[in-house]
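>>> Next one to model:
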Amino acid sequence: DALEKAMQIFPSYKELRTLYLLAELEERAPTPEVAISTAALDTSADNAGFFDCVFGNGDCARGGNYLTHTVQKGETMADIAIKYYNDYKLWEKIWQANPQITNPHRLEKGTRLLIPLDK
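Numbering: from 1, shown residues only. All right, here's what the predicted structure looks like:
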């Protein structure tokens, strides 16, 4: 392994030892996959919503099942509610899960939304 060889060549570099330990930890106890990817954190509004979900104290942070949805051109909250819930009237549930959206009637293409899967 390259890190082991590097540690042998440069034994005084503490950073290499740290990297080696982190790699070993990852190999033994891999981090579980999370539905939210770093690609979903493109804008500051998206950041606020997703970080609130992961680290905040809102409904999302307290648990539950969520998916992410990337808004397509011309898509509305009602369209998204139909897609996930088969009921356009549940669009407000999606809006409540996404406090970064100030106007639910004006969704921009590419915006990432959290979709609560618990009805």
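>>> mind pulling up the phi and psi values for residue 115?
When read as degrees, to the nearest 10, the backbone of residue 115 gives phi -110, psi 110.
>>> and the nearest residue to it once chain neighbours are set aside, how many neighbours?
Once flanking residues are discounted, residue 115 sits nearest to residue 67: 4.6 Å by CB to CB, 6 or more residues apart in numbering. (Glycine included, C-beta is placed from N, CA and C.) The local packing of residue 67 (other CB atoms under 10 Å) involves 12 other residues.
>>> going forward, begin numbering at 555 instead of 1
Right, with 555 as the first residue, what we last looked at is residue 621.
>>> For residue 619, give its distance to residue 650.
15 Å (CB to CB, to the nearest Å).
>>> of the two, who's got more company?
With neighbours defined as other CB under 10 Å, residue 619 and residue 650 compare such that residue 650 has more, 15 against 10.
>>> Would you mind listing where the chain has pLDDT under the threshold?
For the chain, residues meeting the criterion pLDDT under 70 lie at 555-557, 561, 570, 579-618, 673.
>>> for it, what spans make up the strands?
620-624, 666-670 (DSSP state E).
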